[in-house]
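Novice: Give me a model of this one.
(2 chains)
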Protein chains: 2
Amino acid sequence: MATLAGGSGTSVRLKAGQRLRLTNTYGTQVVDTWCLPARDPSEYLSVEHTRRMLGRLFPRQGDDLFSNRRNPLLHIDRDTSNCRHDMLLACCDPWLYQYYKCAPGHANCHDNFLMALAADGIVASHVPNPVNFWMNVPVEDNDNIALRVPDSKPGDHLMIRALTDVIVVMSACPMDITPVNGADRKPRDVDYEIVNRDE
Amino acid sequence: MATLAGGSGTSVRLKAGQRLRLTNTYGTQVVDTWCLPARDPSEYLSVEHTRRMLGRLFPRQGDDLFSNRRNPLLHIDRDTSNCRHDMLLACCDPWLYQYYKCAPGHANCHDNFLMALAADGIVASHVPNPVNFWMNVPVEDNDNIALRVPDSKPGDHLMIRALTDVIVVMSACPMDITPVNGADRKPRDVDYEIVNRDE
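Specialist: Numbering: from 1, shown residues only, chains lettered A, B, ... in the order given. Take a look at the predicted model:
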């Protein structure tokens, strides 16, 4: 098992059929997650295509997550949290922290994505809208959106299966201004592990 | 005034302060719309950033539309339709028509975007999720989405103001499988005009 430090990002490669167990160790951490097929990293997990294919705003256990070419890349085998996962909002980026008047250089998911891919030799053409696991952004009155503290519990985990050979990028979101990572606004570590068969 | 043929795309350049009047001549046509700042076409109107900045899923009269660097690019000065405009779904693309088992070569908004920019000398790195003006994709039960016939009326128009020098790409959506362009599933012409002052 590996630990992803709160506020940082990394990438893992999964072969088709392998699973990623992603554990929300402290129960309050949002994990921005992207996926690219290893065969062609210009294809990417696209939330705007996934919404269309699912007919829903929020992904859940049993769902496929689709690429911008409408190929299923990942399948959510298990979700012990049964929580809302956000696919509506862009990841945090240097311009968001600038908007919040933070000093330059604040860690952010946008740069975590680019750095994690660069470490794997990949130059991304853009930063797609990620799936923000455990990010609690409900829709109200079928239009308004809100930023809420997570509903997940310590130890909740997702089991995510690769449907083709993929690169998965994760960022334990560094957001410390809004309460999306808990009421105390403190990014925390999460754990992950690649598993080869159902456990 | 110019006419954009049903199913086709084009681009226009607006100087800061200029407005685009976009008219839904027959009342049933969805217009997928993108915007890039002229100074740097790697920046783009981002619906996932716009949702975050508006706190809503659906844009309306009086709203700014924001870029992936959280800059306001466009302002909706007027919307005579008072209709829902979709920002949740990817544009139609070759893979969607393949999914619907159409013959290869079906016109699509994805290729219309790339061709309109190429005609202006710009090679896009990817196709962003557009604003789909007049596309009637309501959210129900704060989660489910549906594809409906438009609520707009013949002659409804939008007046969209450029907040900086921009390139606007429009595609009169060629979709003829689902009823998003009317119950008869027939893409139709729309009209547009660049205006220099309020009229």
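
Novice: CA atoms only for the longest helix along chain A, dumped as CSV, please.
Specialist: If you go by DSSP state H, chain A has its longest helix at helix A:109-119. Taking Å, rounded to 0.1, in the frame of the first residue of the first chain, the C-alpha atoms of helix A:109-119 are listed here in CSV:
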residue,chain,number,x,y,z
CYS,A,109,-4.5,20.0,-8.5
HIS,A,110,-4.0,21.5,-12.0
ASP,A,111,-0.2,21.6,-11.5
ASN,A,112,-0.3,18.2,-9.6
PHE,A,113,-1.8,16.7,-12.8
LEU,A,114,0.8,18.2,-15.1
MET,A,115,3.7,17.3,-12.9
ALA,A,116,2.5,13.7,-12.3
LEU,A,117,2.2,13.1,-16.0
ALA,A,118,5.5,14.9,-16.8
ALA,A,119,7.2,12.5,-14.3
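
Novice: what mean pLDDT does it have?
Specialist: Mean per-residue pLDDT for helix A:109-119: 98.

Novice: Is any residue of that helix near chain B?
Specialist: No. Judged by Cβ under 8 Å from any Cβ of the partner chain, helix A:109-119 makes no contact with chain B; its nearest approach is 9.0 Å. For glycine as for every other residue, the C-beta is placed from the backbone atoms N, C-alpha and C.

Novice: Show me what the helix or strand just after that helix packs onto, helices and strands only.
Specialist: Downstream of helix A:109-119, the first helix or strand assigned by DSSP states H and E is strand A:131-133. Strand A:131-133 sits against strand A:31-37, with contacts defined as 3 or more Cβ pairs under 8 Å, 6 or more residues apart in numbering or on different chains; DSSP states H and E.

Novice: Surely A:Asp86 touches A:Asn129?
Specialist: No. Look at A:Asp86 against A:Asn129 with Cβ atoms under 8 Å: they stay out of range, at 9.6 Å.

Novice: Compare these two (neighbour count), which wins?
Specialist: A:Asn129 (27 against 24; other Cβ atoms under 10 Å in any protein chain shown).

Novice: So for the more buried one, what's the nearest residue that isn't a sequence neighbour?
Specialist: Leaving aside its chain neighbours, A:Asn129 sits nearest to B:Glu48 (4.2 Å; criterion: Cβ to Cβ, 6 or more residues apart in numbering or on different chains).

Novice: Am I right that the one you found is in contact with A:Leu89?
Specialist: Yes. Under the criterion of Cβ under 8 Å, B:Glu48 makes contact with A:Leu89 at 6.0 Å.

Novice: Mutual contacts of those two, please.
Specialist: Residues within reach of B:Glu48 and of A:Leu89 at once, by Cβ atoms under 8 Å, 6 or more residues apart in numbering or on different chains, are A:Asn129.

Novice: what's in contact with the helix or strand where the residue nearest to A:Asn129 lies?
Specialist: In the assignment (DSSP H and E), B:Glu48 maps to helix B:47-54. The contact list for helix B:47-54 (Cβ under 8 Å, 6+ apart) reads A:47-48, A:88-90, A:129, A:145, B:57, B:59, B:63-68, B:70, B:87-88, B:128-131.

Novice: Quick one: buried ones out of those?
Specialist: Buried by 16 or more other Cβ atoms under 10 Å in any protein chain shown: A:47-48, A:88-90, A:129, A:145, B:57, B:59, B:63-68, B:70, B:87-88, B:128-131, out of those.

Novice: residues in contact with the closest residue to A:Lys186 other than its chain neighbours?
Specialist: Leaving aside its sequence neighbours, A:Lys186 sits nearest to A:Asp176 (Cβ to Cβ, 6+ apart; 6.7 Å). When contacts are counted by Cβ under 8 Å, 6+ apart, A:Asp176 touches A:Arg185, A:Lys186, A:Pro187.

Novice: Apply 10 Å and report the result again.
Specialist: By Cβ atoms under 10 Å, 6 or more residues apart in numbering or on different chains, A:Asp176 lies in contact with A:6-7, A:92, A:97, A:100, A:102, A:106-107, A:182, A:184-187.

Novice: sec struct for it, please.
Specialist: Three-state assignment for A:Asp176 (DSSP: H, G, I helix; E, B strand; the rest coil): coil.

Novice: OK, contacts around A:Met175?
Specialist: A:7, A:30, A:32, A:91-92, A:96-97, A:100, A:106-109, A:135, A:147, A:181, A:185, A:187.

Novice: now swap in A:Tyr44 and tell me
Specialist: A:Tyr44 sits in contact with A:34-37, A:67-69, A:73, A:124-130, A:167, A:169, B:126, where contact means Cβ under 10 Å, 6+ apart.

Novice: in chain A, what spans have low per-residue confidence?
Specialist: Along chain A, segments meeting pLDDT under 70 span A:197-199.
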